[in-house]
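Colleague: everything below, folded, please.
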Amino acid sequence: MPTMIQVARLKERIRDVADFPKKGIVFKDITTLLKDGESLKLVADLMVEEARKMDVDVVAGIESRGFIFAPMIAARLGVGFIPIRKKGKLPHKTVSVTYQLEYGTDSLEIHKDAIEKGTRVLVIDDLLATGGTSKSVAKLIEKLGGIIEGFGFLIELSFLKGRDKLKKYPVFSLIQY
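Modeller: Now for the predicted structure:
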């Protein structure tokens, strides 16, 4: 796990944007962290350190910011990367799941042949908020016979209790608010 100094350094690189995407929300903008090479390397190092504690065959990334971190982790672990995309973005046969958002519904898809029965999967995304998206991704992976080894996040908004929806899985996050 990251030290307090490492967490403070990463937090310094994250910008708060008030009232985005809607009034009353304080958006955690990671683009300011991503443009800093040392911070990006630190995030990758820390996530890989946590991922090495698990036995994984592939790393799945949730669109879109999960696509930033998941391939870096997969490459360092020497395993493959699987994209979990929004509906209509994957070119081959897919399996999908629709889930509830605070302001409507959304759907995610994965290629039908992306995961074979028994494949051990680490799921990566940038942010754990309410946990609805991650729980839906777990259902999608398990529908194909995959085994969720864990979830990893750069940021966790602890006050939204998203971890509660993922109780049956190991979860790590580098930064908590």
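Colleague: helices along this protein, start to end?
Modeller: With DSSP state H, the ranges of helices along the chain come out as 4-12, 31-34, 37-51, 66-77, 132-143.
Colleague: what helices and strands are in contact with the first one?
Modeller: On a contact count with 3 or more C-beta pairs under 8 Å, 6 or more residues apart in numbering; DSSP states H and E, helix 4-12 meets helix 37-51, strand 171-176. Every C-beta, even on glycine, is put in place using the N, C-alpha and C of the backbone.
Colleague: got the buried residues for that helix?
Modeller: Under the neighbour-count criterion of 16 or more other C-beta atoms under 10 Å, helix 4-12 has Gln6, Arg9, Leu10 buried.
Colleague: then the third one?
Modeller: If you call a residue buried by 16+ other C-beta under 10 Å, then helix 37-51 has these buried ones: Ser39, Leu40, Leu42, Val43, Ala44, Leu46, Met47, Val48, Glu50, Ala51.
Colleague: is it correct that the fifth one is in contact with Arg76?
Modeller: Yes: because the distance of 7.1 Å satisfies C-beta atoms under 8 Å, Ala44 is recorded as touching Arg76.
Colleague: for the worst-scoring helix or strand of the chain on mean pLDDT, packing partners?
Modeller: Across the helices and strands of the chain, mean pLDDT, DSSP states H and E gives its lowest value to strand 94-101, namely a mean of 90. Strand 94-101 sits against strand 104-111, helix 132-143, with contacts defined as 3+ C-beta pairs under 8 Å, 6+ apart.
Colleague: Ile62: which of these is closest?
Modeller: helix 132-143 (5.9 Å; C-beta to C-beta).
Colleague: and the contacts of that closest one?
Modeller: Contacts with helix 132-143, where a contact means C-beta atoms under 8 Å, 6 or more residues apart in numbering, come from 60, 62, 84, 95-101, 106, 108-110, 115, 121, 123, 125, 128, 148, 151, 162, 165-166, 169.
Colleague: next one: stretch 4-19
Modeller: 2, 25-33, 36, 39, 42-43, 46, 154-155, 174-175.
Colleague: can you select the buried ones from the residues you listed in PyMOL?
Modeller: Buried members of the contacts of stretch 4-19 can be picked out in PyMOL with the line below, counting by 16+ other C-beta under 10 Å:
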select buried, resi 2+28+30+33+39+42+43+46+154+155+174+175
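Colleague: show me what contacts the residue nearest to the spatial centre of the chain?
Modeller: By C-alpha atoms, centre = their mean, the mean C-alpha position of the chain lies nearest to Asp125, the distance being 1.4 Å. Residues near Asp125 by C-beta under 8 Å, 6+ apart: Gly61, Ile62, Arg65, Gly66, Phe69, Thr133, Ser134, Phe151, Gly152, Phe153.
Colleague: quick check: bridge partners of it?
Modeller: Bridge pairing for Asp125 (DSSP bridges) gives the partners Phe153.
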